[in-house]
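K.L.:
Fold the following and give me the result.
(chains A and B)
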There are 2 protein chains.
Amino acid sequence: MQLNNRLTEMLDIQYPIIQAGMAGQVTSSEMVAAVSNAGGLGTLGAGYMTPEIIRKQIQGIKKLTDRPFAVNLFVTHSIPTYSPTEIQNANDRLKPIRDELNLSTPKIDEFSIPFEEQMKVVLEEHVPVFSFTFGMLDSAWLTKLKEAGTIIVGTATTVREAIFLEQAGVDVVVGQGSEAGGHRGTFLGDSQHSLVGTMALIPQMVDHVQIPVIAAGGIMDGRGVLAALSLGADAVQLGTAFLTCTESQTPVVHKELIMNSTEEDTVLTRSFSGKHARGIGNSFITQFKKYEENWPEYPIQNALTQDIRKAASKQGLSDYMSLWAGQGLRLSQKRSIHELMQSLVAETEQTLEHLGLMKNSLK
Amino acid sequence: MQLNNRLTEMLDIQYPIIQAGMAGQVTSSEMVAAVSNAGGLGTLGAGYMTPEIIRKQIQGIKKLTDRPFAVNLFVTHSIPTYSPTEIQNANDRLKPIRDELNLSTPKIDEFSIPFEEQMKVVLEEHVPVFSFTFGMLDSAWLTKLKEAGTIIVGTATTVREAIFLEQAGVDVVVGQGSEAGGHRGTFLGDSQHSLVGTMALIPQMVDHVQIPVIAAGGIMDGRGVLAALSLGADAVQLGTAFLTCTESQTPVVHKELIMNSTEEDTVLTRSFSGKHARGIGNSFITQFKKYEENWPEYPIQNALTQDIRKAASKQGLSDYMSLWAGQGLRLSQKRSIHELMQSLVAETEQTLEHLGLMKNSLK
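P.N.:
Residues are numbered from 1 along each chain as shown, chains lettered A, B, ... in the order given. This next block holds a predicted model:
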């Protein structure tokens, strides 16, 4: 089966299925290439990668596939203001965990974002698709990338954000429903009011922009793919469904927790990064719940907790890891990316045929 | 078009479209009968009605249609414990609003629920379908209703609740996604963890129960209907979409606010009733946000705010009304129930045909 439309044509992909650009160590060259080779669009989640690693990964992808792929970044241009006291307070709260992990409090003199350097690599490497979240890309970068033939994909959690991105010139917008795992892309509203379920978000967004909309949030199988297309989306973006795949470099303990958790187990927290994100609840989130609104902003808090997350991950200590996952996690399976992609396409087709039969049976 | 399946057969309805049983003054006999006459299942939202009014409304429905319909109740069996101080504190906080509305603080000696008397009417009137929320119906009533041939529909916000209801003997379960307007049906988990988007909730629920699942939350048009059926639901339940219909007795100011609000405008609050419910944000919710977790429980808080909501509604003062609405409210339209039902069916068919064409075009 093919499910072609204006977006699959624009992206030159076989199926309207996109693997979300999850930052961290999850999306290797192998994973991204596997998705693209299977007819979807793989995405390198490069948000936390150094420019050098991004270049290496992109070159690795190109060796493994001649199909289009995407690179995803956080468009955080500047460091928010902060006081030394704020940093001190955060580190004081984190100290018991650092003690437990045998970590000393790192002395961070300066918070910086290598965004400009990351973007240079994206431009130089002629990336087919560039997607981003947390706001809007500078118009200078937008122009340069468009001139280079790169397709630009923004992320919106409300209709207002989608309209903003369209007017600012993106080619495609991802509509991120409240079910989605990982960071919320919200940049205009507040976190509470921008927490809109995919079922409600997508048709309203589709009605208000002309550009293609990619549905994200809670989509895990062919039923979800067909549902999103029914709502008017041109494609779907899945994150959690790819996390438990063989090629995913998600830590084993994280994969196991996804396989053994339910839709009641995820929560939104800003304790890890300073921005709201959805993951499986653990001791870190629970014990810091009272500070939820008092942590430094992203990316400061993210930098402050980095050593903890890294050490916990190395030790397989899920209590202090960020266990990002969406609300559809009961539908996770362990399999190869090729198998996942084949299932998605086959289930979508079966579901469509089933509905067609249901309709015709008693016409 | 027909979209028949085991549930439309069980309920003996033409289309798998159910009008949610919204409590309050919204669902009159005329409205319920109009939905059923149009091929769906109308529901009398009888939660706040006296037994006498329920009987009168049911008899009114029967005069207007010979099609099946449902009656919906809250299964709140007992009054939670409370202290006089708690009541006093709540009334103290409400006093400035009462002053503004020229209301004196009512002296409520006793909180009571006429649940048993309401149920007697439901049984005596041989209601075709009985739906409920906030928990599980007593097994004694379940047995009696089943003997009378009534089909029993429970409400679940998580897979766990759906399994609980199925094991307790309901015939059908409504899966209420986080997008839904009005009261959350949550009865096993807490409000945060049970706030699961429809896109994620329905396929997981369908996989874990044998009985038919009705999808609710964020469904407003034919795109949503087809999406829900794709996810594996046997039918859909819409609330907000019916609120702005001509036959709906929703206050004009409430209808206007639904027509002019966006998906960013609804919030969850327990200030009106003591139970979490989704509605359009207003002064009442904002000014009492700090007491969110400290109000008396349902139905006590509901009884305490009743005079305020009633007076505000009479005066068309939206600041102090409970403006229940789901997150799909941009898709609301003013039209007759017949027109809404016809649109839902036609759009569902068009969307299905569109997807079928998309599939076949490049096979």
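K.L.:
so what's A:Val127 up against?
P.N.:
Shown here is A:Val127, whose contacts under the criterion CB atoms under 8 Å, 6 or more residues apart in numbering or on different chains are A:58, A:69-71, A:150. In short, each C-beta sits where N, CA and C put it, glycine included.
K.L.:
which residue ranges form the helices in the stretch 101-250 of chain A?
P.N.:
Defined through DSSP state H, counting those that start in this stretch, the helices belonging to the stretch 101-250 of chain A, from first to last, are A:115-124, A:139-147, A:159-168, A:198-208, A:222-230, A:240-243.
K.L.:
Switch those over to TSV; also include mean pLDDT.
P.N.:
Conversion of these to TSV gives the following (pLDDT from 0 to 100):
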stretch	mean pLDDT
helix A:115-124	97
helix A:139-147	98
helix A:159-168	98
helix A:198-208	98
helix A:222-230	98
helix A:240-243	98
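K.L.:
quick one: A:Thr43 and A:Asn72 touch, right?
P.N.:
Yes: at 5.1 Å, A:Thr43 and A:Asn72 qualify as touching, with contact defined as CB atoms under 8 Å.
K.L.:
residues bridging contact with those two, i.e. touching both?
P.N.:
Residues touching both A:Thr43 and A:Asn72 comprise A:20-21, A:131, with contact defined as CB under 8 Å, 6+ apart.
K.L.:
Now do the same for the residue lying closest to A:Leu243 once chain neighbours are set aside: its pLDDT.
P.N.:
With sequence-adjacent residues excluded and distances taken as CB to CB, 6 or more residues apart in numbering or on different chains, A:Leu243 is closest to A:Thr250, at 4.9 Å. Note for A:Thr250: predicted pLDDT of 95.
K.L.:
Could you tell me how many residues sit around A:Thr250?
P.N.:
Applying other CB atoms under 10 Å in any protein chain shown, we find 24 other residues in the vicinity of A:Thr250.
K.L.:
From chain B, how far out is A:Leu137?
P.N.:
Here A:Leu137 is placed at a distance of 23 Å from chain B (CB to the nearest CB, to the nearest Å).
K.L.:
swap that for A:Leu195, please
P.N.:
As it turns out, when the distance is counted by CB to the nearest CB, A:Leu195 lies 8 Å from chain B.
K.L.:
Look through chain A and tell me its longest helix.
P.N.:
Secondary structure of chain A read by DSSP state H shows that its longest helix is helix A:337-361.
K.L.:
and it, what does it pack onto?
P.N.:
Applying 3 or more CB pairs under 8 Å, 6 or more residues apart in numbering or on different chains; DSSP states H and E, one finds that helix A:337-361 makes contact with strand A:17-19, helix A:29-37, helix A:222-230, helix A:240-243, helix B:222-230, helix B:337-361.
K.L.:
and it, which residues are buried?
P.N.:
Neighbour-count burial for helix A:337-361, with 16 or more other CB atoms under 10 Å in any protein chain shown as criterion, is recorded at A:337-338, A:340-341, A:344-345, A:347-349, A:351-352, A:354-355, A:358-359.
K.L.:
returning to what we had before: for the shared contacts of A:Thr43 and A:Asn72, pick the one with the most neighbours.
P.N.:
With neighbours set by other CB under 10 Å, the maximum within those is found at A:Ala20, which has 32 neighbours.
K.L.:
Now that residue. Nearest residue, chain neighbours left out?
P.N.:
For A:Ala20, the nearest residue in space outside its immediate sequence neighbours is A:Gly239; the separation is 3.5 Å by CB to CB, 6+ apart.
K.L.:
rewinding a little: between the shared contacts of A:Thr43 and A:Asn72, which is nearest B:Leu317?
P.N.:
Within the set of the shared contacts of A:Thr43 and A:Asn72, A:Ala20 lies nearest B:Leu317; the separation is 45.1 Å, counting by CB to CB.
K.L.:
for the shared contacts of A:Thr43 and A:Asn72, which one is nearest chain B?
P.N.:
When those are ranked by distance to chain B (CB to the nearest CB), A:Ala20 comes first, at 14.7 Å.
K.L.:
low pLDDT regions in chain A?
P.N.:
For chain A, the stretches with pLDDT under 70 are A:1-2, A:358-363.
K.L.:
and it, what are its domains?
P.N.:
Using the TED database, the domain ranges for chain A come out as A:1-76+A:113-247+A:336-358, A:83-111+A:251-330.
K.L.:
what's the most buried one of these?
P.N.:
By mean neighbour count, with neighbours taken as mean count of other CB atoms under 10 Å in any protein chain shown, domain A:1-76+A:113-247+A:336-358 ranks first of those at a mean of 22.
K.L.:
Mind telling me what element A:Ile13 is part of?
P.N.:
Using DSSP states H and E, A:Ile13 falls within no helix or strand.
K.L.:
Disregarding residues adjacent in the polypeptide, which is nearest to it?
P.N.:
Across the structure, with CB to CB, 6+ apart as the measure, the residue nearest A:Ile13 apart from its sequence neighbours is A:Leu41 (5.1 Å).
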